[in-house]
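Student: fold the following, please.
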Amino acid sequence: MSVLKKGLSGEPVKILQAKLGVPADGRFGPKTEEALEAYQKEHGLKVDGIAGPDTFAALGLYELILLKVGTSGETVTKLQSALGIAADGKFGAGTQKAVKDYQAKNGLDADGFAGPATLAKLALFAQITPAVVAKAQITPEAAKEAGVTEASVAEAPARSIWATIKSFFN
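Tutor: This next block holds a predicted model:
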């Protein structure tokens, strides 16, 4: 999961809600969707009520950017350009391989996910500082409190704040 949309809950939703100025209860419901769509419209983004990497960058929520296979958009295009590969804006197997290779060569966990640590090393966004990278991670204690299990980490790198995401319709 590298997008936030209606029906999800967790720490990244709380962060998004706080930035949008809606009650930060951690549950992405109609009010969050409405506020997000208004923000997207006002800032010339695709108005779909889904917060992904391009919306996170526009909001200044760099700690929530997590690029992986299936992600697309301007942020992926920037990543591909920084890696020196064909920049089509679609994160596929070739981009994943380039990310893993870059991570391995630069002392990062070669997991194929381009999150804040990888983006900081690439200097993709000046705003991604060590403090932002730290905010993108969850402590073991916070993970336990959030009910993070190994199964819920399948879609996010280890210790990623994204591991707290759950659907509240299940």
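
Student: which strand or helix spans Ala131?
Tutor: helix 130-135 (DSSP states H and E).

Student: most remote residue from the chain's center?
Tutor: Using Cα atoms, centre = their mean, the residue of the chain lying farthest from its centre is Lys105. It sits 22.8 Å away.

Student: tell me how far it lies from Lys6.
Tutor: Between Lys105 and Lys6 the computed distance is 39 Å (Cβ to Cβ, to the nearest Å). The way it works is simple: take the backbone N, C-alpha and C, and place the C-beta from them, glycine included.

Student: what ranges does the protein have for its helices?
Tutor: In the chain, the segments counted as helices under DSSP state H are 11-20, 30-42, 53-59, 74-83, 93-105, 116-122, 130-135, 140-145.

Student: so which bits of the fifth one are buried?
Tutor: Across helix 93-105, burial judged by 16 or more other Cβ atoms under 10 Å covers Thr95, Gln96, Ala98, Val99, Lys100, Tyr102, Gln103.

Student: pLDDT for these - can I get that in JSON lines?
Tutor: What follows is those, written out as JSON lines (pLDDT from 0 to 100):
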{"residue": "Thr95", "pLDDT": "98"}
{"residue": "Gln96", "pLDDT": "97"}
{"residue": "Ala98", "pLDDT": "98"}
{"residue": "Val99", "pLDDT": "97"}
{"residue": "Lys100", "pLDDT": "97"}
{"residue": "Tyr102", "pLDDT": "97"}
{"residue": "Gln103", "pLDDT": "96"}
